[in-house]
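Student: coordinates only, no sequence provided:
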């Protein structure tokens, strides 16, 4: 977006004069670097000291170059090993349509990856070498400026570890390297889980394995293919790898779009928008969870399974980035082609200067008269959102329980905030600058409870710098509770007895609760999970996880009959009623349709919402009276 001084000042707590002065310096640099609609190299920036808002926390450097350069994503496994994505393609060979405006019609015409590849090889053909040499460097030094030069730059995944627990990484290996086809974008996501390492780079989700345990991926396979069918804007990547509460792999894709053939043979064809997808860990049952997003970098679930992110704006003066609540089946309204209906693009596309996103105010939070087919954002928020994570429950200190953390990359800050229910939606509360002065590109929590922050000093342009910093409370960093959490995360859940796993459903740490839930589901413990879910005296979060665990089990008619009898639709806790309704929809328990219809009149809007959603999955005209269906239509 076009960053202005007035806008930057509006985002700052002016009661802190020292922070105001520092923010102004960064803001002025940002204004110079980000003129509207321009693609520029990084301007020299003013280096300022890093500053934490909470003085009880401490910031220390954990790793730096040459261990890693230009970090853009990071994620820990439960053994305490940190996987860091290093980019070299961003700003060098990742094609951005803003630098090739004359290509825009051809680019928008692409519907799949073969068409994109054909366009690249045509626009950057060897016979056009002389024409393209002013911008296309002969990186492979074959004397020709052509598409093969895009293959000369590789991406990397580093494996870092602090083996002696002295607060500094002492092991650094290049876990994987390559990912350098001419159509590859920027690697922007990594997630180690259950012995696999998943990574994302257009056009693929990759699955990597270190089969001989030497710290290097000796097995690499394309897990899912077909993302990023347009060149469009660089940085609108494949990212956001996240473990979902339903035991599935979630990830996000930018508005470069996708056309993906699933393992079951279905075509998921959304070439002109971004969204969220999910699948099983073997790649089966891939499905689109939500669409209409422009470029949500990362995803975060809270403890009740609500999915949030912050979506980037359309680089149009009239709008801003948005805090979004992403629900199953939602459409947030954005389409890639709307990018090219403002800001000088109509002269290239020969279309009217009319953009529904702006002129019909689709981007705004809900207002009377807004289009009803979209799920609008909760609020305008942020500058250049990047890394985004939620405190799992035992990290940092009590001040930051229930807190989201967001990297606002261009303005060198990490913001923290919480949410509160507002009807069936949410509102942001307690928003403040958590860390200031760092070019933070990514964040994640380690099994030790510390928050790790990637510092990409180059800001969109690769250089020879890069570091990882750690934030924590020194008073509790080595506490017994933290040690117990780390030990439980490392443990073999397959070796724990059922009763212990049931107890862990109420654990303070979200990661531990999920692993206990997943193992009970793997063991098919229907009776044990249902007992917890239906018990009004059990802990709230234990019941929530038990309901999620039931949702993971194979469906059969006898179990559905038991669910219909025992699901806590009338529980005194609105959250349990909402989660029970959601489960009835997930399992398509049609015999629950009448009860779900009754919940449309619940006193709590969240319960009404999940009942309406569930009726869309479990109800039909034969199970719900027509008067109730009218109510569903009004609710939705």
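Tutor: Thanks, I have it. These numbers were taken from a predicted model, which means no experiment stands behind them.

Student: the helix or strand hosting residue 512 - contacts with which helices or strands?
Tutor: In the assignment (DSSP states H and E), residue 512 maps to helix 510-522. Applying 3 or more CB pairs under 8 Å, 6 or more residues apart in numbering; DSSP states H and E, we find helix 510-522 packed against helix 480-490, helix 498-504, helix 526-534, helix 540-552. C-beta: built from backbone N, CA, C; applies to glycine.

Student: repeat that for 10 Å
Tutor: Counting contacts by 3 or more CB pairs under 10 Å, 6 or more residues apart in numbering; DSSP states H and E, helix 510-522 is packed against strand 238-243, helix 480-490, helix 498-504, helix 526-534, helix 540-552.

Student: hey, where'd the helices end up in the stretch 51-200 of the chain?
Tutor: With helices called from DSSP state H, counting those that start in this stretch, the stretch 51-200 of the chain shows them at 104-109, 113-123, 129-132.

Student: report the rounded mean pLDDT for the shortest one.
Tutor: The predicted model assigns helix 129-132 a mean pLDDT of 97.

Student: that helix: which residues count as buried?
Tutor: For helix 129-132, burial by neighbour count (16 or more other CB atoms under 10 Å) applies to 129, 132.

Student: cool, stretch 168-177 as well?
Tutor: Neighbour counts over stretch 168-177 (16+ other CB under 10 Å) mark 169, 172, 173, 175, 176 as buried.

Student: which ones are touching the nearest residue to the first one once chain neighbours are set aside?
Tutor: Nearest in space to residue 169, with sequence neighbours left out and distances taken as CB to CB, 6 or more residues apart in numbering, is residue 63 at 3.8 Å. The neighbourhood of residue 63, defined by CB atoms under 10 Å, 6 or more residues apart in numbering, consists of 71, 82, 84, 158, 160-162, 168-172, 452, 454, 466-470.

Student: make sure residue 200 is actually in contact with residue 242.
Tutor: No: the criterion here is CB atoms under 10 Å, and residue 200 misses it with residue 242 at 11.3 Å.

Student: tell me which of the two has more neighbours.
Tutor: Between residue 200 and residue 242, counting by other CB atoms under 10 Å, residue 200 is the more crowded of the two (28 against 24).

Student: who does the more buried one form a beta bridge with?
Tutor: Under DSSP bridges, the beta-bridge partners of residue 200 are residue 189, residue 205.

Student: please renumber so the chain begins at 58
Tutor: Sure, I'll start counting at 58 from here, so that last one is residue 257.

Student: and the pLDDT at it?
Tutor: If you check residue 257, the pLDDT there is 98.

Student: ok, now how distant is it from residue 608?
Tutor: Distance, residue 257 to residue 608, by CB to CB, to the nearest Å: 26 Å.

Student: all strands for the stretch 358-507 of the chain, in order.
Tutor: Along the stretch 358-507 of the chain, the stretches classed as strands by DSSP state E, counting those that start in this stretch are 364-368, 379-383, 436-437, 442-447, 461-465, 470-479, 482-493, 497-502.

Student: take the helices and strands packed on helix 567-579 and write them to JSON lines, including distance to residue 124.
Tutor: Output for these, formatted as JSON lines (distance: least, CB to CB, whole Å):
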{"stretch": "strand 295-300", "distance to residue 124": "22"}
{"stretch": "helix 537-547", "distance to residue 124": "22"}
{"stretch": "helix 555-561", "distance to residue 124": "35"}
{"stretch": "helix 583-591", "distance to residue 124": "44"}
{"stretch": "helix 597-609", "distance to residue 124": "37"}
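
Student: quick check: which element contains residue 666?
Tutor: Per DSSP H and E: helix 662-675 holds residue 666.

Student: if we can go back for a sec, closest one of the buried residues of stretch 225-234 to residue 274?
Tutor: residue 233 (4.2 Å; CB to CB).

Student: that closest one against residue 274, yeah?
Tutor: Yes: between residue 233 and residue 274 there is a contact under CB under 10 Å: 4.2 Å.

Student: what's the overlap in contacts for those two?
Tutor: In contact with both residue 233 and residue 274: 214, 216, 254, 256, 263, 265, 267, using CB under 10 Å, 6+ apart.

Student: adding distance to residue 326, write these out as CSV.
Tutor: Formatted as CSV, the shared contacts of residue 233 and residue 274 follow (distance: CB to CB, whole Å):
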residue, distance to residue 326
214, 30
216, 36
254, 28
256, 24
263, 22
265, 27
267, 35
